[in-house]
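> Give me a 3D structure for the following:
(chains A and B)
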Number of protein chains: 2
Amino acid sequence: MELAQIGATPAGGVNRQALTALDGTARDRFTQWCEAAGCTVRTDAIGNLFAHRPGRNPALPAIMMGSHLDSQPTGGKFDGAYGVMAGLEVLRTLQDHAVMTEHAIEVTAWTNEEGARFAPSMMGSLVYTGELALETALQTQDVDGITVASALADIGVESTSLETDRPAAYFEAHIEQGPVLEAQDTTIGVVSGGQGQYWYQITLSGRASHAGTTPMALRQDALAGAAEVITALQRLARARAPACGTVGRMLVSPNSPNVIPDSVFFTAEIRHPDDATRTAMDAEFRQTVDKAAKAHGLIADVRQVLDQPASPFDSQCIHLIRQAAMDNHFSHMDIISGAAHDAVAMSRIVPTGMVFVPCKDGISHNEAEYAKPADLAAGCQVLHDAVLAYDRAHA
Amino acid sequence: MELAQIGATPAGGVNRQALTALDGTARDRFTQWCEAAGCTVRTDAIGNLFAHRPGRNPALPAIMMGSHLDSQPTGGKFDGAYGVMAGLEVLRTLQDHAVMTEHAIEVTAWTNEEGARFAPSMMGSLVYTGELALETALQTQDVDGITVASALADIGVESTSLETDRPAAYFEAHIEQGPVLEAQDTTIGVVSGGQGQYWYQITLSGRASHAGTTPMALRQDALAGAAEVITALQRLARARAPACGTVGRMLVSPNSPNVIPDSVFFTAEIRHPDDATRTAMDAEFRQTVDKAAKAHGLIADVRQVLDQPASPFDSQCIHLIRQAAMDNHFSHMDIISGAAHDAVAMSRIVPTGMVFVPCKDGISHNEAEYAKPADLAAGCQVLHDAVLAYDRAHA
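You can find the predicted model right below:
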């Protein structure tokens, strides 16, 4: 709640976009808190902050926790900030109880996870994992033409090097940003991984004609075709839970009440945690588009604009998180991470696990974002227990 | 083709909007042609032109033909103009052959059928039939603030009175403005009447949420609901030929690719020549909307913004047109008038019939509008024969 004062909005949310002065203030506060908890804090060239608590065996890599401090322009108090504060709470707990772990324990605040000011999202973790070139990231500009490099300098980041040592494992706590845990009245989401995704841009082209003089059988109604595709995508996704199928954007032409639409542009996306299933859904979806186009005499232009593989998390990390929930008698369930997170990037290079806690009405990226203190504490406990169990298991 | 030079566009169409100087030129030319064919021409206070050829029995009301001379801004050569020229051709034929009819024969050029410059459409015929108050029509302004009254004065219309005598019957020839006759390779459409129409404005409201984190079962996807309504409307209309069901305009909110739509606004319309069937379709359509809303957890706001009854034409007029087509060995079929016409207004006060001829690809309200000379001549012959048959039948 103290962190949430930095960039607090009148509506109760947070506007603390990446590498702004407010983000700098939050980063400084986090650094002070970590140092007060006995850690040293270093930064890398993209501004990721690493709070380090030494372990007994310096030959072992660190076990890392983390998330991000930046927010959406009209964001909430919890998205990202919760995961960093949960890591800090684990550090403080270890310090308060003078616990000596085998591995060093680190908490990372990743730079610019939201991508709201500078694209892409997950910038800090993608640079860290090597998926995004540092130079590309540094030259990225915001709408005012300010580069990431210049914004980093403005808030006092002076490092020019990147980390090359890899942690033993990575754990991230996060609000769910969806309605599942709340609907199931469940405290802990044991995240099994990130979904794979296909994104499409589709244009159906028919012929505009008079809505009163063109018999149904002679129409080439692009919107009627698009409607069938949307309905089929719903059916296709519902038949393969936990698949998601969504059409979010649609533009109709000429968009006049009494003219049969000659062209409809729409986006579509398919998400599924299993890539084989996702591939099968892609094939079925394309057949659906072809069928609707044929039925209505339309020309279909289907562009696949994203094909992102699924990111299954590490089975041992998943197991330790589930075990921690059970040991603490927290209700828990396996859950897919529908949104992107730094943990999804990290999962591609080190064993990774994630802990979800419920958020009210599934609302996130919104000033109304809310999570119950008891749930946040439970997530923190699970994070703590899983990290220590991993430490013991790999000593 | 000579008339089409007045307001001709480079793309081969016509821009001769109601009560412009070009429309004035066309009206003057029509008047000269009618006078040369032995008619007197009068006007009324809304600028309708009536060319009058006396009959043998002055006690009988006139038999009227007509259509309109005004066009859409990017209109074609035939919509409206054909019907007026066809009437003129009948007058000339009677004159050339010194035919003496029992009734007087009149050809009317109705003011502002298109409604492109001044709303509503069918202004002249609606004022004539008493459905639109003269004062209301005269005070209507175009986008430049020019009133109909002022535009009438500018082109020299000085009458301040309306007609009160009614014709014995009204016949109108027109291009089909749809694809049916061409698709059936048929020369003459025997119009059975104007369709009844319902127009709706519908808003479905659900909840915006993340396309990746919201399971299908927990969504309130307004666009998924709207898609089901569109598909159901298609099915509903196809099951009841010659019904038409159309969604022409749709606005999706927030219209972002990765956000489940929380609100969709769309228009819908249902047309059918039989009002009982149309009423049944309305009930079924509303059930469809309710069902889709319930299935997707949406709130449906359904506003019926137009309920226009069907306008069946006069059975004797229809019969005489069909008989004329048969006598001339023209292929012919019964057809509904999907669009509005002056004849639809006239049908509410006097026995009315309409003759359709094919237009290329069903295209109208477009500079590419085209009809074959042979078809136009055939329509003219049918108009002539039907008018003379009506004259004999009511002598």
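
> Run the chain-centre distance for the lowest-mean-pLDDT helix or strand in chain A.
Using mean pLDDT, DSSP states H and E, the weakest-scoring helix or strand in chain A turns out to be strand A:209-210, at a mean of 89. Its chain's C-alpha centre and that of strand A:209-210 lie 45 Å apart, by C-alpha atoms, centre = their mean, to the nearest Å.

> Now do the SS call for whichever residue of the stretch 51-200 of chain A sits closest to chain B.
The stretch 51-200 of chain A approaches chain B most closely through A:Gly178 (3.0 Å), counting by C-beta to the nearest C-beta. C-beta coordinates here come from the backbone N, C-alpha and C atoms, glycine included. Using DSSP: H, G, I helix; E, B strand; the rest coil, the structure places A:Gly178 in coil.

> Next, the contact list for it, please.
A:Gly178 is in contact with A:Gly338, A:Ala339, A:Gly362, A:Ser364, B:Ser209, B:His210, B:Gly212, B:Thr213, B:Thr214, B:Pro215, counting by C-beta atoms under 8 Å, 6 or more residues apart in numbering or on different chains.

> Could you see whether chain B lies near stretch A:362-373?
Yes - using C-beta under 8 Å from any C-beta of the partner chain, stretch A:362-373 reaches chain B at A:Gly362, A:Ile363, A:Ser364, A:His365.

> I figured the last one hits A:Asp79, correct?
I take that to be A:His365. Yes - with contact defined as C-beta atoms under 8 Å, A:His365 counts as touching A:Asp79 (6.8 Å).

> Neighbour count: the two, which is higher?
Ranked by neighbour count (other C-beta atoms under 10 Å in any protein chain shown), A:His365 and A:Asp79 place A:Asp79 first, with 28 against 19.

> State the phi and psi torsions of the nearest residue to the more buried one once chain neighbours are set aside.
Closest residue in space to A:Asp79, ignoring its immediate chain neighbours: A:Ser364 at 5.3 Å, by C-beta to C-beta, 6 or more residues apart in numbering or on different chains. Main-chain torsions, A:Ser364, degrees, to the nearest 10: phi -150, psi 180.

> now swap in A:Pro215 and tell me
Per-residue torsions, A:Pro215: phi -60, psi 150 (degrees, to the nearest 10).

> is it true that it touches B:Cys244?
Yes - counting by C-beta under 8 Å, A:Pro215 touches B:Cys244, with 7.2 Å between them.

> Who has more neighbours out of those two?
A count of neighbours by other C-beta under 10 Å puts B:Cys244 above the other of A:Pro215 and B:Cys244, at 26 against 20.

> Next one: the more buried one from B:Tyr200, what distance?
Computed as C-beta to C-beta, to the nearest Å, the B:Cys244 to B:Tyr200 distance reads 13 Å.

> joint contacts of those two?
Going by C-beta under 8 Å, 6+ apart, residues that sit against B:Cys244 and also against B:Tyr200 are B:Glu269, B:Ile270.

> name the element A:Cys317 belongs to?
Per DSSP states H and E, A:Cys317 falls inside helix A:315-327.

> Could you do A:Phe265 as well?
Using DSSP H and E, the element containing A:Phe265 is strand A:263-272.

> what residues are shared contacts of A:His365 and A:Asp79?
Common neighbours of A:His365 and A:Asp79 (C-beta under 8 Å, 6+ apart) are A:Gln72, A:Gln177.

> Which residue would be the closest one in the stretch 251-395 of chain A to chain B?
Across the stretch 251-395 of chain A, no residue is closer to chain B than A:Gly338, which sits at 3.3 Å (C-beta to the nearest C-beta).

> list the contacts for that residue?
Counting by C-beta under 8 Å, 6+ apart, A:Gly338 touches A:Gln177, A:Gly178, A:Gln195, A:Cys244, A:Arg271, B:His210, B:Ala211, B:Gly212, B:Thr213, B:Thr214.

> what about the most centrally placed residue in chain A, distance to B:His210?
Among the residues of chain A, the one closest to the centroid is A:Ala340, at 2.5 Å (C-alpha atoms, centre = their mean). Distance of A:Ala340 to B:His210, given as C-beta to C-beta: 11 Å.

> gap between A:Thr20 and A:Phe118?
In terms of C-beta to C-beta, A:Thr20 sits 11 Å off from A:Phe118.

> what sits in contact with each of these two?
Common neighbours of A:Thr20 and A:Phe118 (C-beta under 8 Å, 6+ apart) are A:Ala151.

> Pick out whichever of those two has more residues nearby.
A direct count of neighbours by other C-beta under 10 Å for A:Thr20 and A:Phe118 places A:Phe118 higher, at 24 against 20.

> Retrieve the pLDDT associated with the closest residue in space to the more buried one that isn't next to it in sequence.
Among residues not flanking A:Phe118 along the chain, A:Thr140 sits closest, at 4.7 Å (C-beta to C-beta, 6+ apart). Reading off the confidence values, A:Thr140 has pLDDT 96.

> is it true that A:Thr140 touches A:Val148?
Yes - under the criterion of C-beta under 8 Å, A:Thr140 makes contact with A:Val148 at 5.0 Å.

> So for those two, which sits in the more crowded spot?
A:Val148 (26 against 19).

> coming back round to it: and the following helix or strand past the least confident helix or strand of chain A, how far out from the chain's middle?
For strand A:209-210, the following helix or strand on the C-terminal side (DSSP H and E) is helix A:222-238. How far helix A:222-238 lies from its chain's middle: 27 Å, per C-alpha atoms, centre = their mean.

> Excluding residues flanking it in the chain, which one is nearest the residue of chain A most remote from its centre?
In chain A, the residue that sits farthest from the middle, by C-alpha atoms, centre = their mean, is A:Thr213; the gap is 50.0 Å. Counting by C-beta to C-beta, 6+ apart, B:Gly178 is the residue found nearest to A:Thr213 once chain neighbours are left out, at 3.0 Å.

> Which element, helix or strand, includes A:Gly83?
Going by DSSP H and E, A:Gly83 is part of helix A:81-96.

> Which residues belonging to that helix are considered buried?
For helix A:81-96, the buried set under the neighbour-count rule, 16 or more other C-beta atoms under 10 Å in any protein chain shown, comprises A:81-92, A:94.

> cool, and stretch A:294-309?
By neighbour count on 16+ other C-beta under 10 Å, the buried set for stretch A:294-309 is A:His296, A:Leu298, A:Ala300, A:Val302, A:Gln308.

> now stretch A:180-199
For stretch A:180-199, burial by neighbour count (16+ other C-beta under 10 Å) applies to A:180-182, A:186-199.

> near chain B, which residues of the stretch 51-200 of chain A?
A:Glu176, A:Gln177, A:Gly178, A:Pro179, A:Val180, A:Ala183, A:Gln195, A:Gln197, A:Trp199.

> Tell me the one among these nearest to B:Asp262.
In terms of C-beta to C-beta, no member of those lies closer to B:Asp262 than A:Pro179, at 14.1 Å.

> residue contacts, that closest one?
Residues in contact with A:Pro179 (C-beta under 8 Å, 6+ apart) are A:Asp361, A:Gly362, B:Ser209, B:Thr213, B:Thr214, B:Pro215, B:Leu218.
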